[in-house]
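A.B. asks: Here you go, sequence then predicted model.
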Amino acid sequence: MQIAQIRERLRQAGAAPIHERHVLRQWVQGAAQTRKRNPEDFLPRSLREALPALQADLAALAALRSVHPSEDGSERLLLGLRDGQTIESVLLPREGLCVSTQVGCAVGCVFCMTGRTGLIRQIGSAEIVAQVVLARQRRPVRKVVFMGMGEPAHNLDAVLEAIELLGTGGAIGHKNLVFSTVGDPRVFERLPRGPVKPALALSLHTTDAALREQLLPRAPRMAPQELVALGEDYARRTGYPIQYQWTLLDGINDSPAELDGIVRLLRGRYAVLNLIPYNAVDDLPFRRPSWERARAIARDLHGRGVLTKLRQSAGQDVEGGCGQLRARAARLKAAATPPPRS
Ligand SMILES: C[S@@+](CC[C@H](N)C(=O)[O-])C[C@H]1O[C@@H](n2cnc3c(N)ncnc32)[C@H](O)[C@@H]1O
Ligand code: SF4
């Protein structure tokens with residue numbers, strides 16, 4: 001379901017723009033936030049009568065299937081959608097939430113669990129917001145990162161619609177909405193034009209265009225230099241730095257030549273480089289460098305003028321990177337389903 005469809009339903013039930021904003025805000029922030037106003041005196045009667053059915057539909061958009069707490073304070077949530085598909089959200093330490101934007105992903109990054117299935121389906125804008133609503137029933141959420149399953153640029157209208165609602169009625173600061181992408185010309189065209197401009201994370205992973213084609217086989221063919229030039233422009237316009245994401249793969253993108261390439265490309269930029277040691281995915285041959293080596297890389301880059309942060313992805317002790325929980329649930333479901341009779 002898309003947010004535009006909810007708005008249409010509200011209008012058909014007699015909602016004026018002020019009522020529409022009120023109902024949507026109440027949904028995204030939780031009823032407690034907006035109880036000051038008594039709906040009995042405020043909303044038109046036709047709308048009050050239509051609300052219970054709408055609220056039931058919104059509540060059914062995503063259901064909590066299982067919760068996987070981690071030692072680092074994060075909680076990985078497996079959610080079931082109405083058609084039986086499952087997705088993951090991760091409650092992060094310090095009131096953050098990582099949401100999914102697609103079931104599966106067409107980009108097919110060779111180190112990513114989500115990329116292994118290809119795209120299964122898009123997640124509607126209302127389903128994206130429903131992940132925030134569910135998370136807020138467990139903890140306060142003040143930051144939303146679009147770094148879960150899926151490539152936001154491949155579901156751009158829905159992601160931007162969700163961002164607009166979260167950054168207005170959802171009471172999330174615009175720079176606390178983080179759009180993470182492999183880079184796509186449409187992102188650089190649309191994000192600066194939106195009423196809510198999110199922060200941008202660009203998954204770079206290498207400065208070598210040929211290696212990037214191997215690692216991210218179906219990402220748009222944009223040279224790392226072009227990505228960084230467009231990212232820099234967006235950072236200057238919005239006033240928040242670009243986050244460059246670099247999944248550290250031992251022996252693949254951690255060579256001295258790569259580090260020199262990073263310095264050439266990112267020194268002096270309005271940017272932060274996040275080094276994220278690879279999270280093991282079943283059957284994949286990659287490894288992460290040792291923690292000491294990763295720290296030495298971060299120190300070296302920092303010393304050469306690149307603001308670098310070494311990050312652990314949250315909840316690694318519970319099915320590692322995003323997509324693994326869903327994959328395990330899908331395997332269990334397949335094992336529990338009897339084969340068709342011949
Ligand atoms: C799952 S993607 C979703 C957002 C978007 N599709 C992207 O690639 O930026 C979010 C981040 O997770 C990283 N990632 C994927 N698989 C990983 C793994 N096995 N270990 C560490 N990071 C991984 C990606 O490189 C990307 O920076
Ligand atoms: S890393 Fe991002 S773009 Fe690549 S396959 Fe995974 S979800 Fe898709």
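C.D. replies: Yep, that arrived. Ligands and ions are numbered 1, 2, ... in the order given.
A.B. asks: quick check: mean pLDDT across whichever helix or strand Glu258 is part of?
C.D. replies: Taking DSSP states H and E as the criterion, the element that holds Glu258 is helix 256-266. Helix 256-266 carries an average pLDDT of 98.
A.B. asks: Also stretch 13-31?
C.D. replies: Across stretch 13-31, the average pLDDT comes to 94.
A.B. asks: What of stretch 113-123?
C.D. replies: Averaged across stretch 113-123, pLDDT comes to 96.
A.B. asks: do you know how far the residue nearest in space to the middle of the chain is from ligand 2?
C.D. replies: When C-alpha atoms, centre = their mean is applied to the chain, the residue found nearest the centroid is Phe146 (1.6 Å). Computed as C-beta to the nearest ligand atom, to the nearest Å, the Phe146 to ligand 2 distance reads 10 Å. Every residue, glycine included, has its C-beta placed from N, CA and C.
A.B. asks: Contact partners for the nearest residue to that residue once chain neighbours are set aside?
C.D. replies: Once flanking residues are discounted, Phe146 sits nearest to Pro152: 4.7 Å by C-beta to C-beta, 6 or more residues apart in numbering. Listed by C-beta atoms under 8 Å, 6 or more residues apart in numbering, the contact set of Pro152 reads Thr101, Phe146, Val159, Phe179, Ser180, Thr181, Val187.
A.B. asks: Now do the contacts for the third one.
C.D. replies: Contact analysis of Val159 by C-beta under 8 Å, 6+ apart lists Thr101, Ser125, Ile128, Phe146, Pro152, Phe179.
A.B. asks: Just the buried positions in the helix or strand it falls within, please.
C.D. replies: Element membership of Val159 [criterion: DSSP H and E] is helix 156-167. Residues Leu156, Ala158, Val159, Leu160, Glu161, Ala162, Ile163, Glu164, Leu165, Leu166, Gly167 are the ones in helix 156-167 that count as buried (16 or more other C-beta atoms under 10 Å).
A.B. asks: so how far is ligand 2 from the last one?
C.D. replies: Right, Gly167. Applying C-beta to the nearest ligand atom to Gly167 and ligand 2 gives a distance of 22 Å.
A.B. asks: Hmm, that residue is touching Leu177, no?
C.D. replies: Yes - with contact defined as C-beta atoms under 8 Å, Gly167 reaches Leu177; the gap is 5.7 Å.
A.B. asks: who touches both of the two?
C.D. replies: Taking C-beta under 8 Å, 6+ apart as the contact rule, Gly167 and Leu177 both touch Val196, Pro198.
A.B. asks: re the thing from before, other residues contacting the helix holding Glu258?
C.D. replies: With contact meaning C-beta under 8 Å, 6+ apart, helix 256-266 is reached by 206-208, 224-225, 228, 244, 246, 273, 297, 300-301, 304-306.
A.B. asks: switch to 6 Å and redo it
C.D. replies: Thr207, Val228, Arg304, Val306 (C-beta atoms under 6 Å, 6 or more residues apart in numbering).
A.B. asks: This completes my enquiry, with thanks.
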